[in-house]
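>>> Provided below for reference: sequence and predicted model.
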Amino acid sequence: MSGEIAVSTPEPVRKVRADARARAEKIWAMRLGGATWRQCAEVVGLSSGQNAMRAVRSVYGEVPEIDREEMRHLWRERTEVLWRQALKDVHQGKQGAMVAAVKLAGFAAYLDGLGAPQRIDVGVMHVLADLDALMREEGL
């Protein structure tokens, strides 16, 4: 993986200069990668995080939203990057690496629904029969 997260980039809402579009695309890619607005601004040469947000908004009309499936994909890719690092840290015997790896594995399982609670079926007829027997014992 090259460090870039593959999530679709929205289309500009109006005709914009190529350099403004490229800057907005860079900022948006960085945001998807986990950078703050301030960090994005520094990389593209803007003076503040607010200016970075404005640059994105001026090209796309608003700050784009990521749909649920794309967000899941984004977090899967982020988790893969973290998992590779966690394994390196475990093999190097770094303190806390095993705990971090276990927590990361738990998050990955949760993300994909692998850690979902098991379904427990309770037969209503059994509950009603038990309730009926109890009521008869009590003379109700």
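Received the coordinates, thanks. Numbers count the residues shown, from 1 in each chain.

>>> packing partners of the top helix by length along the chain?
Counting by DSSP state H, the longest helix found in the chain is helix 68-91. Here helix 68-91 is seen to pack against helix 97-111 when contacts are counted using 3 or more C-beta pairs under 8 Å, 6 or more residues apart in numbering; DSSP states H and E. Yep, even glycine has a C-beta here, placed from its N, CA and C like the rest.

>>> buried set for the helix or strand that comes right after the helix it packs on?
Reading on from helix 97-111 to the C-terminus, the next helix or strand found by DSSP states H and E is helix 124-137. Neighbour-count burial for helix 124-137, counted by 16 or more other C-beta atoms under 10 Å, picks out no residue.

>>> just how off-centre is the longest helix of the chain within its chain?
Here the centre of helix 68-91 is set off from its chain's centre by 10 Å, with C-alpha atoms, centre = their mean, to the nearest Å.

>>> what number of residues lie near the closest residue in space to D89 that isn't next to it in sequence?
Among residues not flanking D89 along the chain, A97 sits closest, at 3.6 Å (C-beta to C-beta, 6 or more residues apart in numbering). Counted with other C-beta atoms under 10 Å, residues neighbouring A97 total 17.

>>> and V99, by the same measure?
By the criterion of other C-beta under 10 Å, V99 has 11 neighbours.

>>> quote the end-to-end distance of stretch 88-101.
Stretch 88-101 has an end-to-end distance of 10 Å (criterion: C-alpha to C-alpha, to the nearest Å).

>>> the closest residue to E11 other than its chain neighbours: neighbouring residues, count only.
With C-beta to C-beta, 6+ apart as the criterion, E11 has its nearest non-adjacent residue at 7.9 Å, and that residue is Y60. The number of residues packed near Y60 is 20, by other C-beta under 10 Å.

>>> pretty sure Y60 contacts P12?
Yes. Counting by C-beta atoms under 8 Å, Y60 sits close enough to P12 to count as a contact (6.3 Å).

>>> who touches both of these two?
A24 (C-beta atoms under 8 Å, 6 or more residues apart in numbering).

>>> picking up where we left off before, quick one: work out the angle between the longest helix of the chain and helix 97-111.
160 degrees (axes from the mean of the first three to the mean of the last three C-alpha atoms, to 10 degrees).
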